[in-house]
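S.K.: Attaching a predicted model along with its sequence, questions to come.
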Amino acid sequence: MGAGKTTMIGELSDLLAAAGVAHAAIDIDALGSAHDPRDGIDLAAIAYGMWREKYVSRVAPLEEMLDKAAVEDFAVANDGCRPITEVAREILQRAGW
């Protein structure tokens, strides 16, 4: 939550488009904007709404699970001070694009 994923996918898409590369940029958070009647939760409101505490408390355990699963091909460190375009270019380079 709030890590800049949507901003990054937009920048990656812009760089690929500027290079004439056919691609699709799918924002998983946008796909998750829905209402789940089983939980009665409006997933679009999670980041700022009444369910924020519940989902923020899950960040650490989920991060641990992802770390153990080692699902990523690579990681790009960003301290928040680098320009978004620089980070996006590094991601594309590391991904072999």
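M.R.: Yep, it's here.
S.K.: what are the phi and psi values for Arg82?
M.R.: The phi and psi values for Arg82, taken as degrees, to the nearest 10, are phi -80, psi 140.
S.K.: That one: neighbour count?
M.R.: Neighbour count of Arg82, defined by other CB atoms under 10 Å: 13. C-betas here are computed from N, CA, C, even on glycine.
S.K.: go on, the one 3 residues further on?
M.R.: Summarising burial for Thr85: neighbours were counted as other CB under 10 Å, giving 12.
S.K.: quick one: it from Asp14, how far?
M.R.: 9 Å (CB to CB, to the nearest Å).
S.K.: Would you check that Asp27 makes contact with Ile9?
M.R.: Yes. Using CB atoms under 8 Å, Asp27 makes contact with Ile9 at a distance of 5.5 Å.
S.K.: of the two, who's got more company?
M.R.: Ile9 (18 against 14).
S.K.: chain center to the lengthiest helix in the chain: distance?
M.R.: Longest helix in the chain, counting residues (DSSP state H): helix 5-18. Averaging C-alpha positions (CA atoms, centre = their mean, to the nearest Å) puts helix 5-18 12 Å from its chain's average.
S.K.: Report the buried residues of that helix.
M.R.: Using 16 or more other CB atoms under 10 Å as the test for burial, helix 5-18 gives Met8, Ile9, Glu11, Leu12, Ser13, Leu15, Leu16.
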